[in-house]
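Asker: generate coordinates for the sequence data below:
(chains A, B, C and D)
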Protein chains: 2
Amino acid sequence: MSDKLDIDQIDRKILDVLQRDTNQSIADIGSKVGLSQTPCWKRIQRLERLGIIQKRVALLDASKLDLSVTAFVTISVGDHSEPALQRFRTEASRFPEVLDIHRMAGEHDYILRVVLPTVNAYDTFYRKLIDTVSVPLKKVTSHFAIESVKATTALPIIAAPERRLEAAE
Amino acid sequence: MSDKLDIDQIDRKILDVLQRDTNQSIADIGSKVGLSQTPCWKRIQRLERLGIIQKRVALLDASKLDLSVTAFVTISVGDHSEPALQRFRTEASRFPEVLDIHRMAGEHDYILRVVLPTVNAYDTFYRKLIDTVSVPLKKVTSHFAIESVKATTALPIIAAPERRLEAAE
DNA sequence: CGTGAAAAGCACCCGAC
DNA sequence: GTCGGGTGCTTTTCACG
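Answerer: From the prediction side, this is the model:
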């Protein structure tokens, strides 16, 4: 009824292919990982059943949707009681502009990644956030990203690809 | 030959559905946004052609893949000349552990989001990074995430859903 | 934009090897 | 694990209103 969580190298290859592009037939994926349709399909089913494949989604181009401002907000809360923390989390999570919330070790309690159309909108968001969480925030600092150098959702699951020696050197 | 970048409310609904789950038939999506198959399909094609839908991917569960450590690394580079910056970017981008690189305004030059199996692995990564970029780094600070409170790839594209009044208040 | 429908491809599920 | 095959859903493409 339940599977062990054994993931071999072929499973990892399948995952790596899928986390980069799900627009491929199972036969295609199979040939990329050295498997024929049937077993490849079975493995994918299993990986989905195990929850290792969480979901399949479309990634959109933020800049083409008027969402050019990314900000990281570091927050130190003033009240560390459980109910206060819980309230902070659920309230902050409600904002669709807040894509990620990480609880941190050390200096800050939380880091939020926020995406918005303009810096102006950030100001509005910022006030609404402080208002809504109804928890005293000790320190809130905003850091704005100007440019995205790299952005991927693909996890490093293949045994770190050996860096090839540059041919041109 | 080319389309204007006009996205109406129905397009946004389609995008919102797709950025949460691509495992649905076009008929399903259509019914969710109030469209029948054919026009819904045509809109999706257009959104793909325009590059607003960048790609379709599988999202994996990092914790089930032995990738429980997330770190944010803030970096200030010592040499701001173009070739040095360029070298830093391309070299840092090569690391599969580095999921995101943002160029920042203000205090830090860059923020990296790094995913790794253990804190031990972070140490190895850290040294390799400093070694590889071969650019003097003025200041490198590591911030570790202990817990993920929220994590989504879904952009806030629907006109901010009005916060409903809580019924229980 | 809608309907209806046809063609092709694919996911999905066999059983045999 | 492989292969071949079959069924039904879906995508993709029509014609027509």
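
Asker: show me the contacts for A:Phe95.
Answerer: A:114, A:125, A:128-129, A:132 (Cβ atoms under 8 Å, 6 or more residues apart in numbering or on different chains). Bear in mind the C-beta positions are built from the backbone N, C-alpha and C, glycine included.

Asker: wait, which of those is closest to DNA strand D?
Answerer: For these, the minimum distance to DNA strand D (Cβ to the nearest atom of the strand) is 32.7 Å, reached by A:Val114.

Asker: give me phi/psi at the closest one?
Answerer: In terms of degrees, to the nearest 10, the main-chain angles of A:Val114 are phi -120, psi 140.

Asker: and the closest residue to it other than its chain neighbours, what's its pLDDT?
Answerer: Distances taken as Cβ to Cβ, 6 or more residues apart in numbering or on different chains put A:Ala71 closest to A:Val114, at 4.7 Å, once the chain neighbours are dropped. The per-residue pLDDT reported for A:Ala71 equals 98.

Asker: buried ones among the contacts of A:Phe95?
Answerer: For these, a burial check counting by 16 or more other Cβ atoms under 10 Å in any protein chain shown picks out A:114, A:125, A:129.

Asker: against A:Val149, how distant is the residue nearest to the second one when sequence neighbours are not counted?
Answerer: Spatially, and ignoring its direct neighbours in sequence, A:Phe125 is nearest to A:Glu97 (5.6 Å; Cβ to Cβ, 6+ apart). With distances defined as Cβ to Cβ, to the nearest Å, the gap from A:Glu97 to A:Val149 amounts to 22 Å.

Asker: of these two, who's got more company?
Answerer: A:Glu97 (22 against 19; other Cβ atoms under 10 Å in any protein chain shown).

Asker: give me the neighbour count for A:Pro96.
Answerer: 16.

Asker: hmm, I typed the wrong one, I wanted A:Arg94.
Answerer: For A:Arg94, the neighbour count with other Cβ under 10 Å is 13.

Asker: what's the distance between it and A:Leu129?
Answerer: Taken as Cβ to Cβ, the span from A:Arg94 to A:Leu129 is 10 Å.

Asker: again, but for A:Leu116
Answerer: Distance of A:Leu116 to A:Leu129, given as Cβ to Cβ: 12 Å.

Asker: surely A:Ile158 touches A:Ile10?
Answerer: No - with contact defined as Cβ atoms under 8 Å, A:Ile158 does not count as touching A:Ile10 (11.3 Å).

Asker: now the helices for chain A?
Answerer: Along chain A, the segments classed as helices by DSSP state H run A:9-18, A:26-33, A:37-49, A:82-94, A:119-133.

Asker: low-confidence ranges, chain A, go.
Answerer: Under the criterion pLDDT under 70, the flagged ranges of chain A are A:1-4, A:160-169.

Asker: what does it have sitting close to DNA strand C?
Answerer: Contact residues (Cβ under 7 Å from any atom of the strand) of chain A with DNA strand C: A:24-27, A:37-38, A:41, A:45.

Asker: so which of those residues is surrounded by the most neighbours?
Answerer: That'd be A:Ile26 among the residues of chain A next to DNA strand C, by other Cβ under 10 Å, with 17 neighbours.

Asker: need the contact list for it.
Answerer: A:37, A:40-41, A:44.
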